[in-house]
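# here is my input, please return the structure:
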Amino acid sequence: MSDSVKTIVTHINADGSSGMEERVVDRVTTMDDSGKPTHALNLLWGTKDGIATVGHSQPDTCVDPFFPGPGGHRFVIYTVLPETVSSDSADECVELPGLLDAYDETRSGMHASDSIDYTFVVSGEIVLELDDDEVVLRPGDCVVQRGTRHAWRNRTDEPAVVAAVLIGAERGE
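Numbering: from 1, shown residues only. So this is what the prediction gives:
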């Protein structure tokens, strides 16, 4: 996958016709404490918290913090590099504000967020690990992640690429 992703954002022009804006979103690579790359991420689009709107303006993307608040959205392409675990390195916090806050300090890679995440495996093989179970996912497989503690593991020799939409939610009882 390339280091940047062309993203087309559509809008409605003042005369009612459809228009578009092309954006190029660069990849952010995260490192572990030894400097080894662990993940690559293109944060393609996000909305402010609450109800998203469509209309005449050319909207700005909202990608800070990394996880959206209630009603906010994020669209990401995420690459987990071979033989790594989801890192809880402080390097991630710098370029992806709020990401580190979701990680569990007692179990490497485990994290949870107040979001519903729709994840689609594009290529490679990745393991979704939960507290007491895990499943191997391959291209075409989907996950609906509902705020549970989890980690993504790549136990192969090839990168695993997933596309995900994160929707901010409120944590229930």
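
# CA only for contacts and neighbour counts going forward, please
OK.

# pLDDT weak spots in the protein?
Counting by pLDDT under 70, the chain contains low-confidence ranges at 1-2, 30-33, 35-38, 56-59, 84-104.

# tell me the centre residue of it?
Most central in the chain under CA atoms, centre = their mean is V76, positioned 4.2 Å from the mean C-alpha point.

# what sits opposite the closest residue to F75 other than its chain neighbours in the beta ladder?
Spatially, and ignoring its direct neighbours in sequence, F75 is nearest to V165 (4.5 Å; CA to CA, 6 or more residues apart in numbering). Beta bridges link V165 to F75, Y118, judged by DSSP bridges.

# ok, V165 to W45 distance?
Using CA to CA, to the nearest Å, V165 is found at 9 Å from W45.

# Three-state assignment for V54, please.
coil (DSSP: H, G, I helix; E, B strand; the rest coil).

# how about the contacts made by it?
11-12 (CA atoms under 8 Å, 6 or more residues apart in numbering).

# ok, back up a step: what touches both of V165 and W45?
Shared contacts of V165 and W45, counting by CA under 8 Å, 6+ apart, come down to 73-76.

# the residue nearest to R74 when sequence neighbours are not counted: neighbour count?
In this structure, R74 finds its nearest non-sequential neighbour in G46, 4.1 Å apart by CA to CA, 6+ apart. Neighbour count of G46, defined by other CA atoms under 10 Å: 24.

# does G46 touch G72 like I think?
Yes - in this structure, G46 is within contact of G72 by CA atoms under 8 Å, at 7.2 Å.
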